[in-house]
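[1] Build me a structure from this.
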Amino acid sequence: MDLWILKVLVLVAGVLALGFVGYLMSTILRESEGNERMREISLAIRQGASAFLRREFMTLGIFTVVIFIALAIFIEPRPLVAIAYLVGTFTSALSGFLGMNIATRANARTANAAIRSWA
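    You can find the predicted model right below:
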């Protein structure tokens, strides 16, 4: 199998996966968050998670810059290694942010669905 076919397959698989994630997110976010108290608690959890991620990303940002510079200096003939590291850390952080975002937004909806299913 030619290498370009593998590259296309990887790209198509990634796009399909992102489309499926979008579908799942829209399905979750269409559900009701519940009563006022549930929305208040959900907001507090979301704010706490956001504060945690801000602090974590500040720390990891410093670490990422240090490692990026070290890779760029010590692996001179292969500058793409440092760039790949930077892209990887960015996409990993983005995944963490989006995952935390949807998880905290889904919490009240899950609790509300559980209450409704027992009613």
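[2] Tell me the secondary structure at the one residue sitting closest to the centre of the chain.
    Centroid-nearest residue in the chain, with C-alpha atoms, centre = their mean: S95, separated by 2.1 Å. Following DSSP: H, G, I helix; E, B strand; the rest coil, S95 is assigned to helix.
[3] Which residue is the nearest non-sequential neighbour of R46?
    Leaving aside its sequence neighbours, R46 sits nearest to T104 (C-beta to C-beta, 6 or more residues apart in numbering; 4.4 Å). Where you see a C-beta, it was placed from the backbone N, CA and C, and this is true even at glycine.
[4] State the number of residues packed around the one you found.
    Neighbour count of T104, defined by other C-beta atoms under 10 Å: 18.
[5] how near is the closest residue to T64 other than its chain neighbours to L98?
    In this structure, T64 finds its nearest non-sequential neighbour in T89, 4.8 Å apart by C-beta to C-beta, 6+ apart. The gap separating T89 from L98 is 15 Å, by C-beta to C-beta, to the nearest Å.
[6] which residue ranges form the strands in the chain?
    Counting by DSSP state E, the chain forms no strands at all.
[7] residue contacts, V81?
    Each residue near V81 by C-beta atoms under 8 Å, 6 or more residues apart in numbering is listed here: L71, I75.
[8] Pass me the low-pLDDT residue ranges in the protein, would you?
    Along the chain, the model assigns pLDDT under 70 to residues 1, 119.
[9] one more time with 50
    Counting by pLDDT under 50, the chain shows no low-confidence range.
[10] Could I get the full set of helices for it?
    Applying DSSP state H to the chain gives helices spanning 3-29, 36-74, 79-118.
[11] Does anything pack onto the second one? Which helices or strands?
    Here helix 36-74 is seen to pack against helix 79-118 when contacts are counted using 3 or more C-beta pairs under 8 Å, 6 or more residues apart in numbering; DSSP states H and E.
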